[in-house]
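> Sequence below, structure please.
(one chain, ligands or ions: 1)
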Amino acid sequence: MDILKVLSRGTKKSAKSSLSGGSAVGKLPSSGTKTNPQLYHDEVRGHKRKRDVEEPENKIPEVLPEVDFFAPKDVAEPKPAKAESKKGKRAASPVVEAAKLLSADECRQLLRSHRLKVTLLYKREEQHKVKKSKKKKAVVEVKKDKKPQLAPQPLESFGQLRSTYNLSRRVAENLSYQGYKIPTEVQMGSMPLLIRPDVALSEEQGLENGVDLLAVAPTGSGKTISFLVPTINNIMRRRAQDKLHGIHELEAIVIVPTRELAYQIVNVGNQLVKGTGLKVVGMRKGMILAAESQDIGEDSSDEEDEKAEESDEEDEEEEKDAKPKVVSKVDILITTPLLLLNFLTSGSANTQKVLPTVRNLILDEADVLLDPLFREQTLGIWTACSNPDLGLSFWSATMGSNIETLVTERLASRAESLSIPQRPLVRLVVGLKDTAVPNIVHRLIYTASEQGKLLALRQLLRPTSSIDSRPPLRPPFLVFTQTIDRATALQEELKYDIPLEAGGSSRIAALHSGLPDAARAAIMRKFRAGEIWVLITTDVLARGVDFAGVNGVLNYDVPGSSAAYVHRAGRTGRAGREGGIAVTFYTKEDIPFVKTVANVIAESEKQAGKTGDEAGVQKWLLDALPNVGKEDRKKLKERGVESRRSGNKAMITSKSGYERRKEHNRKGAIEGSKKRKLEVDDEEDGAKTKGDGEWGGFDD
Ligand SMILES: Nc1ncnc2c1ncn2[C@@H]1O[C@H](COP(=O)(O)OP(=O)(O)OP(=O)(O)O)[C@@H](O)[C@H]1O
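Okay, here's the model as predicted:
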C-alpha cells in the first residue's frame, strides 16, 4: 500500500476515492481525535493511569475523510447562545463554580496524583522575625540543601479561574472559546500561583505578593496559555485598580528563540485578549518601542498583528522601505532576543534603553535562551527591565541544573544592584524532568551508513515487507537534519518520491534560517494547512512550534543533546494526542553519541509503563551502547556530528560516486561552454570579465 497515494485520495485533488478498511486513518494525531491533555492523572489514588486502556478505540471510518492534518481540538468553537447572538454579543461564559479551597492534604494528594512537584527555591529571610525569635527564623529560612515542597491550590477546572481566582470575565470567555475542557497539569499548577498567589498559597507566609517561577513541563502541555492568561489578567487588574482605562503601556515581554514561535504566541495572545482592549504585538525589524528617553509617535494600526503569520509577506515589503515605525499601542510584546536587543542598543554607542514599565518578563524555552547561544542577548533584555516590581517566569520542557543556578544567581544580583527585596522563587515540575511525553512511540533505527538512511526513509514511507509490522511514518511529518545544507539536499533527493497524483514535489519543503522571512512564513502556512506533507527542517523548528496534527518526527540526523531529542520528538503528540511516532536514524559514526538519545527514550518509556517488545529501545541495546563522555557530549551539542558538517558525508544523495562524477562533468561542460560564450561576447564588447562569477564546480 502506498500511503502517499492513499493520502492523496483524501485531498481535493481526488476526493472521491475511498479506502476499504480505512486503516490509513487509525489513531493518529492528524485524525483530530479526542485529545487527553492530562498526561499523568491517577484515576484512583496511588494507581497509575493506563492511557491506552482508558480511551475507547476510535471508530475507523469506512471512507477516508478530507485530509485535515491539523484538525485542532475535538471541540468546535462554541457558537454564541441564541438570545445573545441576536444582539451580536458573545456568549458561552465558562461555568462558574462556587469558590472552594482544598485542605493542605487534599492539595498534596491532587498534586501528587498529577505528578506535580512544587518546590520553594528561595525565600527572603524576614528580618524582624529573626530578631524576635530564633525559632521563627527556622520557619522562613530556606536551607541550601533541603528545599521545601509547597502545596498550592491546584486548578481543577477552568471554571475555578472565575470563582476562586477572580479571572476577568472577558479573558475567561476567550479561554472558554478555545474549547479546552480540562486544565493540563502545568495549567493546574501554575495558573493559580501566577494569578492569585495570595489565594493559591494562602497557607504560606511571605509568598502572597507573588513569586518568580521556573516551570518545567512536557512538550505540548499548554505552557503558552499558562503564562499568557495570568499576564493578561494581571495587566487588566492593575489597570482597573489604578483606574487607568483605555491606555496602552508595555507591561509584559515574552522572549522566544525563533520567529515562528513568536508569531504563534502572538496569534494565541490575540485570541485571549479579544474585547479586553489590550494589544499583543510581535517585534519586527525596525520597530521602535516607546521606551524611556524615546518619544512616542504615531501608533500602528489597531489591526496590526491580528494574524501575525499571515501578514508576513506585506511586512517584508514594508521593511524594504524601512521607515522605522514607532509603536505606542503595545501591552504585551513577543520577541526573539536579538530583535529587541537591537532596538535597545541602537543609538549612541554603549548606551542601552531601559524598559521601566515592564512588570512581567517571560522566557519561553528558557533553557535555550539562557544557553551561551542567546545568553548575552537575553540577559541584555532582562537588565533593561528596570521596574522594581518585575516578575519573572521561565518555561521549558527541559531545564538543566546549570540554568537553575544561573537564574537563582541573576535574581539575587538584580535585587542587590537595585537595592530591592528579592522575590521568592518557586520551581514547578510536571512528571519526570527532561523526558519526552509518554504518549508517543519511539524508534531507534540503525542504518549503518548515510546511504542506509535514505533507504530506510523510503522504506518508512512505503513499507514493502509484510513482516514489518511497525507503523509507517504517515504524513504530515517533520524531518530534522543537522545542517541547512543537508535539509536542502534531502529535499532535492526526496522531491520526486511523492507521486504526481498526490501533489508531487509541492508536498515536500525545507524550512531553515537561511530562507527569507516571507518564505519561512509561507511554508509554515502551507504545512499548517496540510498542503505540505513532509517538512524538512533544522533545529529551528525543534522548539515550541505547535502543529497539532503532526503524525511523526524523523531525526534523520541524531539530535545534538538529550534536550534536543525531547523537543524534536515533542512536535508530535501535542496536547496528549495518541499515535505520534518519533524515529531516530543512527549510523556507525553516531554510535559513540547515541546513548544520550537511547537513555531519554528508555526513561520516557518507563514513565509510560512500556516494557519488553513494546519498548523502542531494548535493554540489550542500552547495555551495548557506549556511554557518552563529557567532552563528546559537549562537542555534539556545539557542532553536531563533525563528519556531517563538510565533505562527502555532509551530502545526501542516492547517486553513486560514478553518477555524481558524470553529472559533475556534464554540468561543468555546460557551464564551461556558457563561460566561453560570455567571454567571446565580452571580447566583442571590449569588456573582458575574466574571473568574475566563475563557476567553481561541485565538490566531489
Ligand atoms: N487545557 C487544554 N486542553 C486541550 N488542549 C490544550 C489545553 N491547553 C493547551 N492546549 C493545546 O495544546 C497545544 C500545545 O500547547 P502549547 O503550544 O502551549 O504547548 P507547550 O507546552 O508550550 O509546548 P512546547 O514545550 O512544545 O513549547 C496547543 O495546540 C494548545 O491549543
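> so who does the residue nearest to the spatial centre of the chain touch?
For the chain, the residue nearest the mean C-alpha position is Gly544 (0.5 Å; CA atoms, centre = their mean). Gly544 is in contact with Val256, Pro257, Thr258, Glu260, Leu261, Gln264, Asp364, Glu365, counting by CB atoms under 8 Å, 6 or more residues apart in numbering. All C-beta atoms are positioned from the backbone trio N, CA, C, and that covers glycine.
> Out of those, name the ones that lie in strands.
Per DSSP state E, strands hold the following members of the contacts of Gly544: Asp364.
> Just the closest of the contacts of Gly544 to Pro499, please.
Glu260 (29.2 Å; CB to CB).
> Touching, the closest one and Asp517? I think so.
No - Glu260 lies out of contact with Asp517 (CB atoms under 8 Å); the separation is 10.0 Å.
> the more surrounded of those two?
The residue with more neighbours, out of Glu260 and Asp517, is Glu260; 23 against 16, by other CB atoms under 10 Å.
> now the contacts of Gly544 in TSV, with pLDDT and distance to the ligand?
Formatted as TSV, the contacts of Gly544 follow (pLDDT from 0 to 100; distance: CB to the nearest ligand atom, whole Å):
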residue	pLDDT	distance to the ligand
Val256	98	9
Pro257	97	10
Thr258	96	11
Glu260	95	11
Leu261	97	7
Gln264	97	7
Asp364	98	7
Glu365	98	7
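> Quick one: residues contacting Pro257.
So Pro257 contacts Thr336, Pro337, Glu365, Val368, Leu369, Phe374, Arg543, Gly544 (CB under 8 Å, 6+ apart).
> give me that answer again for 6 Å
Glu365, Val368 (CB atoms under 6 Å, 6 or more residues apart in numbering).
> Ser386 versus that one, what's the distance?
The spacing between Pro257 and Ser386, counted by CB to CB, to the nearest Å, is 24 Å.
> and if you look at Asp497?
Counting by CB to CB - Asp497 and Ser386 are separated by 55 Å.
> Those two - which one has more neighbours?
Comparing Asp497 with Ser386 by other CB under 10 Å, the one with more neighbours is Asp497, at 17 against 14.
> which residues sit against stretch 215-227?
Contacts of stretch 215-227 (CB under 6 Å, 6+ apart): 184, 186-187, 190, 265, 268, 362, 393, 395, 397, 399, 428-431, 433, 437, 570, 574-575.
> same deal with stretch 442-462?
Against stretch 442-462 from outside (CB under 6 Å, 6+ apart): 2, 472-473, 582-587, 601, 616-617, 654.
> about what we covered before: out of the contacts of stretch 215-227, which touch the ligand?
Thr184, Gln187, Ala397, Gly570, Arg574, Ala575 (CB under 6 Å from any ligand atom).
> Next SSE downstream of the host helix or strand of the second one?
It stands for Gln187. Gln187 belongs to helix 185-195 when assigned by DSSP states H and E. Scanning forward in sequence from helix 185-195 by DSSP H and E, the next helix or strand is helix 197-200.
> buried stuff in that following helix?
Buried positions in helix 197-200, judged by neighbour count with 16 or more other CB atoms under 10 Å: Pro197, Val199, Ala200.
> Give me the neighbour count for Pro475.
Neighbours of Pro475 under the rule other CB under 10 Å: 24.
> For the closest residue to the ligand within the stretch 301-450 of the chain, which non-adjacent residue is spatially closest?
Using CB to the nearest ligand atom, Ala397 is the residue of the stretch 301-450 of the chain that sits closest to the ligand, at 4.4 Å. Closest residue to Ala397 apart from its sequence neighbours, by CB to CB, 6 or more residues apart in numbering: Thr219 at 4.6 Å.
> Checking the one you found next. Helix, strand or coil?
coil (DSSP: H, G, I helix; E, B strand; the rest coil).
> I'd like the distance between it and Lys146.
On the measure of CB to CB, Thr219 and Lys146 end up 30 Å apart.
> mind putting the ones next to the ligand among the contacts of stretch 215-227 in TSV, neighbour count and pLDDT included?
Compiled in TSV, those are given as follows (neighbours: other CB atoms under 10 Å; pLDDT from 0 to 100):
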residue	neighbour count	pLDDT
Thr184	27	96
Gln187	25	98
Ala397	29	97
Gly570	26	97
Arg574	26	94
Ala575	22	91
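> and of those, the nearest to Val597?
Gly570 (13.7 Å).
> picking that back up, so which strand or helix has the residue nearest to the centre of the chain?
Counting by DSSP H and E, Gly544 is found in no helix or strand.
> what does the stretch 351-500 of the chain put close to the ligand?
Ala397.
> Pass me the low-pLDDT residue ranges in the stretch 551-700 of the chain, would you?
613, 647-650, 654-661, 663-664, 667, 679-700 (pLDDT under 70).
> one more time with 80, if that's ok
610-616, 618, 639, 642-643, 645-668, 670-671, 674-700 (pLDDT under 80).
> how near is the residue of it found nearest the ligand to Gly210?
Closest residue of the stretch 551-700 of the chain to the ligand, CB to the nearest ligand atom: Ala575 (3.4 Å). The spacing between Ala575 and Gly210, counted by CB to CB, is 28 Å.
> quick check, Val171 in a strand?
No - applying three-state DSSP, one finds Val171 to be helix, outside a strand.
> what about it, how many neighbours?
24.
> do Arg443 as well
Neighbour tally, Arg443, other CB under 10 Å: 18.
> try the one 5 residues further on
Other residues near Ala448 come to 14 when the count uses other CB under 10 Å.
> And for the one 5 residues further on?
Applying other CB under 10 Å, we find 20 other residues in the vicinity of Lys453.
> Regarding it, which helix or strand does it belong to?
Lys453 belongs to helix 450-461, assigned by DSSP H and E.
> Distance from that helix to the middle of the chain?
27 Å (CA atoms, centre = their mean, to the nearest Å).
> buried sites along the next helix or strand after that helix?
Downstream of helix 450-461, the next assigned helix or strand under DSSP H and E is strand 477-480. Buried residues in strand 477-480, counted by 16+ other CB under 10 Å: Phe477, Leu478, Val479, Phe480.
> One more: stretch 261-274?
In terms of neighbour count (16+ other CB under 10 Å), stretch 261-274 has its buried residues at Leu261, Ala262, Tyr263, Gln264, Ile265, Val266, Asn267, Val268, Gly269, Asn270, Leu272, Val273.
> Just the C-alphas of that stretch, formatted as CSV.
The C-alpha trace of stretch 261-274 is given here as CSV (Å, rounded to 0.1, in the frame of the first residue of the first chain):
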residue,chain,number,x,y,z
LEU,A,261,7.3,30.6,17.8
ALA,A,262,6.9,34.4,18.3
TYR,A,263,4.1,34.6,15.7
GLN,A,264,2.4,31.5,17.1
ILE,A,265,2.3,33.1,20.5
VAL,A,266,1.1,36.4,19.1
ASN,A,267,-1.8,34.5,17.5
VAL,A,268,-2.7,32.7,20.7
GLY,A,269,-2.4,36.0,22.6
ASN,A,270,-4.7,37.8,20.1
GLN,A,271,-7.4,35.2,20.8
LEU,A,272,-7.1,35.7,24.5
VAL,A,273,-7.2,39.5,24.6
LYS,A,274,-10.2,39.9,22.3
